[in-house]
Each structure stands twice: as C-alpha cells, then as structure tokens.
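1. I'd like to go over a predicted model; first the sequence, then the structure.
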Amino acid sequence: MSHAFAELTGLPEAELRSLWRRGTPPPPGGIEGLVFRGRNTAAAARLGPAAGAFAKGFFRTGQEVDGCNFPVAVRGGEWQVDVAHPFGFFRVEPNSHPVRGQGPPAALLLDYGRGRAASFRRRGAPRPGLSLRLLELAARPLRDLLVQPPDSPPGVLLGRAYFTGTLLVPVSFFVLEALQPLTEPWAADPAAAGRPRSRAS
C-alpha cells in the first residue's frame, strides 16, 4: 500500500471534498487492463466485515471501457483479490452531468445502471453466488464519479459514490490504487484479437 493511498484514506471528509472538487478525470487508457484496490472512507463502511475494502477491475470492450468489482479479503496487511468471481459490472465514460456547485468540472462516471453482466458472462465470466447477486442488484442505482486528485501519483484515484433516485444523494468517498494487471480471459477485448494490444502504464 502506497503512502499516498494510506494518506488519502485517512483524511477527513472536508479535505477529501476539496481535493475531489479540484481533481481531473483520469484517462481511460490509464486504468484499463488493471485491478485497483479500494477503500471507502466513511466510518460506517469501515465497520463492516471487510473494513471498507473492495477491488475494481477496468477493461476495454471495442471503443468502450467497462468495469466490475471483485470480492476481497485483507489479512495481515495483504490484499487478496478474488478475480475469478467478478460482480457488480458498470460502464465507464466521461461524466456529462457534473454535480452543480459541489463536484469537479469533469470526472469519469462509473455507471452501475448500464453494467453488462450478461454480456461478460456469455464470454466466460462466472455467475456469482446468491450474496454477490444481491449486491449487484443493490448497486444498480449507484453512480461513482472518479478523479485524479491534485498532487497524487498516477494510479491513485479519488471517487465519490452517489445513490440515484429522485435526487442525487452522496454516499461516501473512496480511494483507489492500481494493484495488478487484469488478465482474465473474459476481460480481453474481442476487437483486439489479431492485433497488438497496448498496455496501460
């Protein structure tokens, strides 16, 4: 775990909000093909069994970028990400509806309402168990806005989760850090078959 990741996860919400407002959208090419570890900063989330820890993967599909979540366990400071059981798929795209008065001018949107789980399961991603399927259903109203905070190194990102309903309700901030490549066959870009694939740095 990097110093930047640990520092951000320990900041109070007011400081996270200031950094998030001043952030810039990370380029999709800088996140695709990677698994990120993450931690929710809300005190309530960190009281749960995973202490606020989670993991997300990002991968390209033709002209678009998609993502998903993975089960995670943290034991003795070691992060164990179960990439064999993806769940909670989402679409990644530039945010076209900035949060007026409180959000950054530009961010990446992680849209769980447009996740394509069925498509990736046809490509070989396994169907999750009941508990993860319930989490998928619960996550569909969620939208995350993701930025590169000022002065943070590449690969360390700051996001804010929102619940969509009649109003856009903020849920919590979270921090991501690049952890490892995502090499699962179902995450390979079908459009890249037969041509060299660029790698994110």
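-> Received the coordinates, thanks.

2. I'd like to know which helix or strand in this structure has the lowest mean pLDDT.
-> Ranked by mean pLDDT, DSSP states H and E, the weakest helix or strand in the chain is helix 130-139, scoring a mean of 84.

3. what helices or strands is the longest strand belonging to the chain leaning on?
-> The residue-count maximum for a strand in the chain (DSSP state E) belongs to strand 168-181. In terms of contacts (3 or more Cβ pairs under 8 Å, 6 or more residues apart in numbering; DSSP states H and E), strand 168-181 is packed against helix 3-9, helix 13-21, strand 34-40, strand 53-61, strand 78-81, strand 142-147, strand 156-164. Placement of C-beta: from N, CA and C, glycine included.

4. if you set the cut-off to 6 Å instead, what comes out?
-> Here strand 168-181 touches helix 3-9, strand 34-40, strand 156-164, going by 3 or more Cβ pairs under 6 Å, 6 or more residues apart in numbering; DSSP states H and E.

5. got the angle between whichever strand or helix holds F89 and helix 130-139?
-> Secondary structure from DSSP states H and E places F89 in strand 87-94. Relative orientation of strand 87-94 and helix 130-139, computed by axes from the mean of the first three to the mean of the last three Cα atoms, to 10 degrees: 30 degrees.

6. For strand 87-94, buried residues please.
-> F87, G88, F89, F90, R91, V92 (16 or more other Cβ atoms under 10 Å).

7. Listing partners with orientation, what would you give for that strand?
-> strand 64-70 (antiparallel), strand 108-111 (antiparallel) (DSSP bridges).

8. could you dump those to JSON lines with distance to Q80, mean neighbour count and mean pLDDT?
-> Putting the strands paired with strand 87-94 into JSON lines (distance: least, Cβ to Cβ, whole Å; neighbours: other Cβ atoms under 10 Å; pLDDT from 0 to 100) gives the following:
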{"stretch": "strand 64-70", "distance to Q80": "10", "mean neighbour count": "23", "mean pLDDT": "94"}
{"stretch": "strand 108-111", "distance to Q80": "23", "mean neighbour count": "22", "mean pLDDT": "93"}
